[in-house]
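1. My questions are about this predicted structure, shown below with the sequence.
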Amino acid sequence: MTCITRRQALAAALAAGLAPHLQAQTAAAWPARAIRLIVPFPPGGGTDFLSRVVATKLAESTGWTVVPDNKAGAGGTIGIGEAAKAEHSGHTLVMGQLDNLVIAPLFYKSLPYDAQRDLSPVALVGDSPLVYVVPTASPYKSLADLIAAARKAPDTVTYASPGAGTITHLSVELLAHQAGIRLRHVPYKGSGPALADTLGGQVQMLAASIPSVLTQLKAGKLRALAVTSAGRNPVLPDVPTVAEQGLPQFDVTTWYGLFAPKGVPGGVVQRVNAEVNRLLQTDEVRGAISAQGGEPRPLTPEQLGERLAQDAKKWRAAIAATGLTLELG
């Protein structure tokens with residue numbers, strides 16, 4: 001049996017008592033240099049848009065230098081892996097999302113990180129549904145048209161996603177499962193390249209975040225077939241949900257949040273969380289996020305951690321129910 005001396009006990013008590021004070025000192029001295037915000041997708045997508053809104057407004061409101069750094073590839077897992085291995089000073093953050101923190105770990109054989117073990121939740125930025133779009137010249141005027149074509153010729157209707165193992169990819173596989181059809185997946189390294197090939201007619205449908213295709217929708221270059229949330233989105237009020245079009249149980253949304261390498265001082269995490277949540281209460285930031293189809297959603301770091309854990313259980317069960325098997329990496 002291990003014996004603890006009185007001196008050891010006093011030292012432990014003193015350390016525990018000093019911890020909050022040391023955390024406060026660390027947070028007060030931070031940041032000592034520019035903060036790198038890793039964006040795990042290329043420029044032009046929803047993740048990139050929200051990252052740049054957060055970086056710009058944090059810099060304006062706090063005086064910090066926040067530099068977005070796009071590190072794309074493998075469905076966002078390359079950027080997340082780099083963040084997980086970064087130093088623990090609090091000068092590296094990453095904009096994580098449901099697909100690379102929850103979905104990808106269910107599909108990839110080996111990842112350079114475990115989201116719940118290697119990352120500290122910092123702040124949730126917002127939730128957003130996905131949208132299914134086709135070029136305006138497409139013969140598919142509705143989701144029903146596309147489903148009918150896939151039933152007539154299985155595995156011939158193609159769809160693009162920002163990457164295999166992302167929530168956009170999984171959402172279409174769930175759609176296909178519930179509709180009893182087979183679609184052909186064409187994965188890309190981010191929303192930008194997927195969008196370019198959809199506009200060019202190389203693929204027939206694109207599953208994407210609303211921010212990544214909103215400009216093209218407004219310009220009339222794309223037609224939205226459906227949004228994936230249970231209710232219609234205020235930015236696309238005329239676009240029906242998947243649930244309205246014959247699949248009443250369909251409801252898929254994604255989220256975006258800031259994470260830091262595990263081991264970052266708690267005082268720094270709390271400070272960033274407070275600043276981000278304050279921004280999410282301002283009309284300007286709420287409006288910027290809402291205008292792109294998102295919903296600002298302030299949470300504490302603890303609440304974001306709980307959501308991460310709950311979604312991991314939810315999507316593991318959903319994938320098992322569909323029988324979808326996918327081995328990546």
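-> Nice, I can see it.

2. Point to the residue nearest the middle of the chain.
-> residue 97 (2.1 Å; C-alpha atoms, centre = their mean).

3. so it makes contact with residue 253?
-> No. Residue 97 is beyond contact range of residue 253, at 11.0 Å (criterion: C-beta atoms under 8 Å). In this view, the C-beta of every residue, glycine as well, is placed from N, C-alpha and C.

4. hmm, back to that, tell me who's in contact with the residue nearest to the centre of the chain.
-> 47, 76, 167, 254-257 (C-beta atoms under 8 Å, 6 or more residues apart in numbering).

5. ok, the residues you listed vs residue 289, which is closest?
-> residue 256 (9.3 Å; C-beta to C-beta).

6. Check the secondary structure at the closest one for me.
-> The three-state label given to residue 256 by DSSP: H, G, I helix; E, B strand; the rest coil is strand.

7. quick one: contacts for it?
-> Listed by C-beta under 8 Å, 6+ apart, the contact partners of residue 256 are 46-47, 50, 95-97, 124-126, 128, 294.

8. can you tell me which of those residues are in helices?
-> The members of the contacts of residue 256 that map onto helices under DSSP state H are 46-47, 50.

9. After the biggest strand by length in the chain, which helix or strand is next?
-> Scanning the chain for the strand with the most residues, using DSSP state E, yields strand 119-135. Note on strand 119-135: by DSSP states H and E, the next helix or strand toward the C-terminus is helix 143-152.

10. next helix or strand past that next one?
-> According to DSSP H and E, the helix or strand after helix 143-152 is strand 158-161.

11. And that next one, what's buried?
-> Neighbour counts over strand 158-161 (16 or more other C-beta atoms under 10 Å) mark 158-161 as buried.

12. Listing partners with orientation, what would you give for that strand?
-> Strand pairing for strand 158-161, using DSSP bridges, gives strand 184-187 (parallel), strand 205-209 (parallel).

13. any residues touching the shortest one, and which ones?
-> Identification of contacts with strand 184-187 by C-beta under 8 Å, 6+ apart yields 75, 155-164, 169, 172-173, 194, 197, 202-203.

14. how about the helices in the stretch 151-300 of the chain?
-> With DSSP state H, counting those that start in this stretch as the criterion, the stretch 151-300 of the chain has helices at 167-179, 191-199, 210-218, 266-280, 283-290.

15. so where is this structure shaky, pLDDT-wise?
-> The chain contains residues with pLDDT under 70 at 1-27, 324-329.

16. mind putting the strands paired with strand 158-161 in TSV, distance to residue 221 and mean neighbour count included?
-> As requested, the strands paired with strand 158-161 are exported to TSV (distance: least, C-beta to C-beta, whole Å; neighbours: other C-beta atoms under 10 Å):
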stretch	distance to residue 221	mean neighbour count
strand 184-187	19	16
strand 205-209	12	27
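
17. how about these in TSV, adding distance to residue 290?
-> As requested, those are exported to TSV (distance: least, C-beta to C-beta, whole Å):
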stretch	distance to residue 290
strand 184-187	29
strand 205-209	14
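
18. among those, which is nearest residue 143?
-> strand 205-209 (9.4 Å).

19. What count of nearby residues applies to residue 196?
-> 13 (other C-beta atoms under 10 Å).

20. any idea how far it is from residue 65?
-> 32 Å (C-beta to C-beta, to the nearest Å).

21. circling back to that earlier point, quick check, nearest of the ones in helices among the contacts of residue 256 to residue 177?
-> Residue 177 has its nearest neighbour among the ones in helices among the contacts of residue 256 in residue 46, at 24.2 Å by C-beta to C-beta.

22. what sits against the closest residue in space to that closest one that isn't next to it in sequence?
-> Closest residue in space to residue 46, ignoring its immediate chain neighbours: residue 209 at 3.1 Å, by C-beta to C-beta, 6 or more residues apart in numbering. By C-beta under 8 Å, 6+ apart, the residues touching residue 209 are 45-47, 128, 130-131, 168, 191, 254, 293.

23. Tell me which two in these are the farthest apart.
-> For those, the farthest-apart pair by C-beta to C-beta is 47 and 131; their separation is 15.0 Å.
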